Structure formats: structure tokens, C-alpha cells
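Colleague: The amino acid sequence is not available; the structure is as follows:
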């Protein structure tokens with residue numbers, strides 16, 4: 001089985017040696033996204049709800065580039081700097097998964113790239 005690099009010009013450029021996503025067969029593995037606003041290049045960390053909304057927007061752009069959307073997501077991983085912010089992150093995240101939400105785990109970590117507060121990755125299947 002071959003792998004295909006998925007790239008969206010509407011999502012932030014990778015900040016390291018990785019792809020935004022890799023498609024293998026019908027499965028899409030989306031790298032963790034952080035709250036970089038592609039239009040301005042700024043990192044949105046002033047408010048965890050806005051930060052999470054930007055992360056979800058970035059995930060959506062990568063899914064779109066692969067011909068998918070949030071309904072195709074089967075698994076997410078959420079990395080949080082502070083588990084105390086979980087309710088706000090969960091609320092913003094949940095707006096994209098009203099019906100049939102994917103499997104998920106959420107873990108607290110000591111530090112994330114660019115000192116953001118939340119990073120989310122996902123796996124989707126079409």
C-alpha cells in the first residue's frame with residue numbers, strides 16, 4: 001500500500017519535518033494542529049476557546065484537502081497544557097462532532113510546540 005502526502009494551502013505550514021497529513025488507502029492520519037492563523041501567521045493563545053476553534057479550523061482545512069470532513073473522523077487525540085481547561089476545550093471541540101463523535105483521549109502535557117495550550121490530531125476514514 002502506498003502513502004500520499006496531503007497538503008492544504010489553507011492550513012499552517014508544518015513547523016518541522018512532518019506532513020500535515022498522510023493518506024494510506026482510505027485512512028487519513030492528520031498531524032497535530034495548533035492555533036496558528038494561516039492568514040496572519042499569528043498564534044492565537046489569548047483565550048482557550050478561540051485557540052481550540054482555530055485548531056479545529058486547521059484540522060478542517062487538512063480534512064478538506066483530503067476530500068473529507070469531520071464526519072469522517074474516527075479518532076482524535078487532544079493534548080492540553082492544563083486539564084483545568086478541559087471543559088472549555090471540550091465545548092469548542094464538540095461543536096464539530098454533534099452526531100457520532102469519534103473515539104478520543106485527552107492528556108495533560110507539560111509543554112507543547114510554540115508554547116500553545118492545546119494541540120489536536122486525528123485519524124479519518126473515507
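Modeller: It's in. Bear in mind the structure is a predicted one, so any value in this text is a computation, not a measurement. Residues are numbered from 1 along each chain as shown.

Colleague: show me where the chain has strands.
Modeller: Counting by DSSP state E, the chain has these strands, from start to end: 3-6, 21-24, 27-33, 73-80, 103-108, 118-125.

Colleague: what comes up buried for the second one?
Modeller: Using 16 or more other Cβ atoms under 10 Å as the burial criterion, the residues of strand 21-24 that qualify are 21-23. C-beta coordinates here come from the backbone N, C-alpha and C atoms, glycine included.

Colleague: Of these, just say which sits nearest to residue 107.
Modeller: Checking those against residue 107 with Cβ to Cβ, the nearest one is residue 21 at 21.0 Å.

Colleague: Contact partners for the closest residue to the closest one other than its chain neighbours?
Modeller: Excluding the flanking residues, the one nearest residue 21 by Cβ to Cβ, 6 or more residues apart in numbering is residue 6, at 3.9 Å. By Cβ atoms under 8 Å, 6 or more residues apart in numbering, the residues touching residue 6 are 19-23, 28, 30, 62, 65-66.

Colleague: so can I have CSV of the residues you listed showing distance to residue 77 and pLDDT?
Modeller: Formatted as CSV, these follow (distance: Cβ to Cβ, whole Å; pLDDT from 0 to 100):
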residue, distance to residue 77, pLDDT
19, 17, 98
20, 16, 98
21, 14, 98
22, 15, 98
23, 18, 98
28, 14, 98
30, 10, 98
62, 15, 98
65, 20, 98
66, 18, 98
